[in-house]
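Asker: pasting the sequence and the predicted coordinates here, then a few questions.
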Amino acid sequence: MTSSDLELRLARVEAKTAIDHRMSSYLRSCDIDKDVDDIVAHFTPEAIWEGVGRNVTFGRAQGREAIAAHFTTVFTRQPFTLHYIANAIIDVADDATTGRGRWMCIEPTAIRNGTLPAWVGLDYDVQFTLVDGTWLISHLQVDTLFASPYHIGWVADRFTDMTATEPYPGLENSMIPVLNTEGAQL
């Protein structure tokens, strides 16, 4: 084994750590900071963000400007999110310039303009590119595996409409307080 082989192997190991860090930082930007400029900084200039899926789709945005516009609407529709990712599978190309990461995610959230607490299960499949020594997201696909009201659970309602803005049917009779858009209880 030559020193260049060892350097490339080391670069691939370091890339896996950097890719995992990028994904965690991206989700932290979505959850804690909710700063659109910070979110799009995790992407390459021509990146693609896609909410694909068997059950719920959130559309497609290409380029940082379109991704920023997408997230501006998401924060209104879904003002609280907390992504917990696990089961990372990260592969790096032999030349250590591109990589792919896959993660499972459980997300407590508030949907329907923040009026409905829910559990969401997600499957992330993300492509990364090394740009000027920094790993950035070049194509993010997220598949919604389930989206269920917290008070009902995924057995009774596995795929509630996450993009709806009206209150969940029957929520007014539940023990969960419903908040209006100004934060006051209804």
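Answerer: On my side now, so go ahead.

Asker: and the helices in the protein, which stretches?
Answerer: 3-28, 36-40, 64-77 (DSSP state H).

Asker: how many neighbours does Thr134 have?
Answerer: A count of neighbours around Thr134, defined by other Cβ atoms under 10 Å, yields 12. C-beta: built from backbone N, CA, C; applies to glycine.

Asker: which one of the helices of the chain is the most hemmed in?
Answerer: Mean neighbour count (mean count of other Cβ atoms under 10 Å) peaks for helix 36-40 among those, with a mean of 18.

Asker: and the contacts of that one?
Answerer: For helix 36-40, contacts defined as Cβ atoms under 8 Å, 6 or more residues apart in numbering pick out 26, 29-30, 33, 64, 67-68, 71-72.

Asker: may I see these organised as a markdown table, with distance to Phe43 and pLDDT added?
Answerer: Below are the contacts of helix 36-40 laid out as a markdown table (distance: Cβ to Cβ, whole Å; pLDDT from 0 to 100):
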| residue | distance to Phe43 | pLDDT |
| --- | --- | --- |
| Tyr26 | 8 | 98 |
| Ser29 | 11 | 96 |
| Cys30 | 12 | 96 |
| Asp33 | 15 | 87 |
| Arg64 | 6 | 98 |
| Ile67 | 6 | 97 |
| Ala68 | 10 | 97 |
| Phe71 | 11 | 93 |
| Thr72 | 15 | 91 |
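
Asker: how about the residue nearest in space to the middle of the chain: what's its closest non-neighbour residue?
Answerer: Nearest to the geometric centre of the chain sits Leu27, at 6.0 Å (Cα atoms, centre = their mean). Nearest non-adjacent residue to Leu27, counting by Cβ to Cβ, 6 or more residues apart in numbering: His83, 4.3 Å away.

Asker: gap between Phe128 and Leu6?
Answerer: According to Cβ to Cβ, to the nearest Å, Phe128 stands 23 Å off from Leu6.
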